[in-house]
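Participant: heads up, no residue letters with this:
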């Protein structure tokens, strides 16, 4: 008889999908050469969509949600990992096409895993999680584009969310002057505590888009898309760059080519799901040394396994700040 463990499971229903905690049989885990005892996962925006069924994130049913996890290797057929290793996994179809991290156990390809570095714990790795990993990829993209601290302000949209809050911490520590864009005025003190030098309302970027607006920013990290991204592009300084990694406002881009051909602005697409292994490992090495762990703790909250659906609903309403770690055995 197969060993059972606790897992959130999303099943298809006649009117959508349903998420509930179940006893899941180990022999129904998918193919993979590494088994992991999961210590922690997180609730990201995509997890909220999957748990609530508000968007077609899940592409096969039934499926264990959770787009990231961290834990201890319990079995390995992969040359780079041994039992007892602490590892982290993000993206690669977890929680979309492959059973994800909201469970006590996971089985994945060892090629998807990254060793936890710099003395980080599994919980700290998930406080970073997909959001922090994505934020680091954005920062690295701006660096690669030659956007240095002396060039001017960097604006971060969706600043109180997971990607935005970690991005502020990283940029501030690296010497950039960060301007945080948010629709939550009550988060002003939280954002300044993370390193934001100034706060602007998201309404400044959500209105009608001009082909070219007044130059304001040397660089930007955008998690919103749609009008916000188009407005940011129109406001970039000559040679500026925007790292785009989200679509909370929409998937459309109602702008013009003017910023690209008249100001040499660059739009840098950031994909954290299928990010190649060398870049993935580079980002996690940077996170281990460039992220202030006291700041990370300040922007992180912890919830029990059973609270995942409730918090998934809240994150879609914009009611969650920073990072949310799910302690699997709680």
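Facilitator: Looks like it came in fine. Given the structure is predicted, the values throughout are model-derived calculations rather than measurements.
Participant: for this structure, what spans make up the helices?
Facilitator: Ranges of helices in the chain, per DSSP state H, are 45-52, 122-144, 162-173, 188-194, 203-206, 226-234, 258-262, 277-290, 293-298, 308-316.
Participant: Can you add distance to residue 77 and give those back as CSV?
Facilitator: The C-beta positions use only the backbone N, C-alpha and C, and glycine is treated the same way. Output for the helices of the chain, formatted as CSV (distance: least, Cβ to Cβ, whole Å):
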stretch, distance to residue 77
helix 45-52, 28
helix 122-144, 22
helix 162-173, 33
helix 188-194, 41
helix 203-206, 49
helix 226-234, 43
helix 258-262, 47
helix 277-290, 18
helix 293-298, 33
helix 308-316, 30
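Participant: Distance to residue 150, mean neighbour count and mean pLDDT added to those helices, as a markdown table?
Facilitator: Below are those laid out as a markdown table (distance: least, Cβ to Cβ, whole Å; neighbours: other Cβ atoms under 10 Å; pLDDT from 0 to 100):
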| stretch | distance to residue 150 | mean neighbour count | mean pLDDT |
| --- | --- | --- | --- |
| helix 45-52 | 33 | 24 | 95 |
| helix 122-144 | 13 | 26 | 97 |
| helix 162-173 | 14 | 27 | 97 |
| helix 188-194 | 22 | 18 | 96 |
| helix 203-206 | 24 | 16 | 92 |
| helix 226-234 | 21 | 24 | 97 |
| helix 258-262 | 22 | 15 | 98 |
| helix 277-290 | 18 | 16 | 95 |
| helix 293-298 | 23 | 15 | 94 |
| helix 308-316 | 36 | 19 | 96 |
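Participant: To residue 69, which of those helices lies closest?
Facilitator: Closest to residue 69 of the helices of the chain is helix 122-144 (Cβ to Cβ; 7.2 Å).
Participant: what inclination does the closest one have with respect to helix 45-52?
Facilitator: 130 degrees (axes from the mean of the first three to the mean of the last three Cα atoms, to 10 degrees).
Participant: on that earlier part again, of the helices of the chain, which approaches residue 32 most closely?
Facilitator: Checking the helices of the chain against residue 32 by Cβ to Cβ gives helix 277-290 as the closest, at 15.8 Å.
Participant: circling back: which one of the helices of the chain lies nearest to residue 75?
Facilitator: When those are ranked by proximity to residue 75 (Cβ to Cβ), helix 122-144 comes first, at 17.2 Å.
Participant: what bridges to residue 68?
Facilitator: Going by DSSP bridges, residue 68 is paired in beta bridges with residue 90.
Participant: can you check the one 4 residues further on too?
Facilitator: In this entry, residue 72 is beta-bridged to residue 37, residue 86, by DSSP bridges.
Participant: Name all residues that make contact with it.
Facilitator: 36, 37, 39, 83, 84, 85, 86, 87, 122 (Cβ atoms under 8 Å, 6 or more residues apart in numbering).
Participant: Just list the residues touching the last one, thanks.
Facilitator: Residues in contact with residue 122, defined by Cβ under 8 Å, 6+ apart, are 39, 40, 70, 71, 72, 86, 88, 116.
Participant: Which one (most neighbours) among the contacts of residue 72?
Facilitator: residue 36 (30 neighbours; other Cβ atoms under 10 Å).
Participant: Next one: that one from residue 221, what distance?
Facilitator: 30 Å (Cβ to Cβ, to the nearest Å).
Participant: Point to the residue nearest the middle of the chain.
Facilitator: Nearest to the mean C-alpha position of the chain, counting by Cα atoms, centre = their mean, stands residue 131 at 2.0 Å.
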